[in-house]
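# what follows is a predicted protein model with its sequence.
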Amino acid sequence: MKLILLDRDGVINRDSPDYIKSPEEWIPLPGSLEAIARLSRAGWRVVVVTNQSGLARGLFDAATLDAIHARMTDAVEAAGGSLQGIYHCPHGPDDGCDCRKPRPGLFHQVARDLNIDLAGVPAVGDSPRDIEAATVAGCSPLLVKTGNGARALAEGRIPQGIPVYEDLAELVQALLRQCPPSQGGPPERSH
């Protein structure tokens, strides 16, 4: 099985320091929906793994998050792609849970649900916590410069050797070029 894990805010859609609190605030980044569609057509299973502390902060409720994810799923499907799952951590940063990135709990949940070893599975993020969680879970972390990625990179908060891409579209292009249908490893590129 070819599997890729994607962070949501800053990778698939625009991020906001005020959080994405409604379906109307969920705005896809240029090329991201088409990139997911390309992965789907190439036989990849795409799973979203996202911190959503706005729930714990009372900024939106579970029904609103479901509506945001329905909008994302509909947009991906309209572009010709599909999502195999959306995993979210509803906790705040001080709740001490295992599922909030940089902890790897959400990744472990995906592994259990799909009955798969995550060793080498590409995991795409835009922040140091995404990279740390992916690394701890045994995935191959990949950074995009969208969202918080460019700033984190400029501030030296991304470990050396992590492959870096302008955006999800560039990453997927490299991934599909370097991983023929019979293979599933991460693309090789570093900053």
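Looks like it came in fine.

# list the contacts of the strand or helix carrying residue 152.
If you go by DSSP states H and E, residue 152 is part of helix 149-154. Residues from elsewhere that reach helix 149-154, judged by Cβ atoms under 8 Å, 6 or more residues apart in numbering: 10, 125, 126, 127, 128, 143, 145, 158, 164, 191. Where you see a C-beta, it was placed from the backbone N, CA and C, and this is true even at glycine.

# next, count neighbours for the third one.
Residue 126 sits with 28 neighbouring residues when counted by other Cβ atoms under 10 Å.

# surely it meets residue 147?
Yes - using Cβ atoms under 8 Å, residue 126 is in contact with residue 147, at 3.4 Å.

# now do the shared contacts for those two.
In contact with both residue 126 and residue 147: 7, 9, 10, 11, 15, using Cβ under 8 Å, 6+ apart.

# switch those over to a markdown table; also include neighbour count, pLDDT and distance to residue 81.
Output for the shared contacts of residue 126 and residue 147, formatted as a markdown table (neighbours: other Cβ atoms under 10 Å; pLDDT from 0 to 100; distance: Cβ to Cβ, whole Å):
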| residue | neighbour count | pLDDT | distance to residue 81 |
| --- | --- | --- | --- |
| 7 | 28 | 98 | 16 |
| 9 | 21 | 98 | 18 |
| 10 | 23 | 98 | 19 |
| 11 | 28 | 98 | 14 |
| 15 | 20 | 97 | 20 |
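
# where do the helices sit along this structure?
Along the chain, counting by DSSP state H, helices occupy 32-41, 62-78, 105-114, 128-136, 149-154, 168-178.

# any chance of those in TSV, plus mean neighbour count, distance to residue 50 and mean pLDDT?
What follows is the helices of the chain, written out as TSV (neighbours: other Cβ atoms under 10 Å; distance: least, Cβ to Cβ, whole Å; pLDDT from 0 to 100):
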stretch	mean neighbour count	distance to residue 50	mean pLDDT
helix 32-41	21	14	98
helix 62-78	16	9	98
helix 105-114	18	8	98
helix 128-136	23	9	98
helix 149-154	17	15	98
helix 168-178	20	14	96
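
# these: which one's closest to residue 21?
Closest of the helices of the chain to residue 21 is helix 62-78, at 7.1 Å (criterion: Cβ to Cβ).

# list the helices and strands that closest one packs on?
If you count contacts as 3 or more Cβ pairs under 8 Å, 6 or more residues apart in numbering; DSSP states H and E, helix 62-78 packs onto helix 32-41, strand 85-89.

# give me the contact list for it.
8, 12-13, 20-23, 25-26, 28, 33, 36-37, 46, 48, 52, 54-55, 60, 82-83, 86, 88, 90.

# in this structure residue 145 contacts residue 165, no?
Yes - using Cβ under 8 Å, residue 145 is in contact with residue 165, at 7.0 Å.

# okay, those two: which has more neighbours?
For residue 145 versus residue 165, neighbours defined as other Cβ under 10 Å are more numerous around residue 165 (22 against 19).
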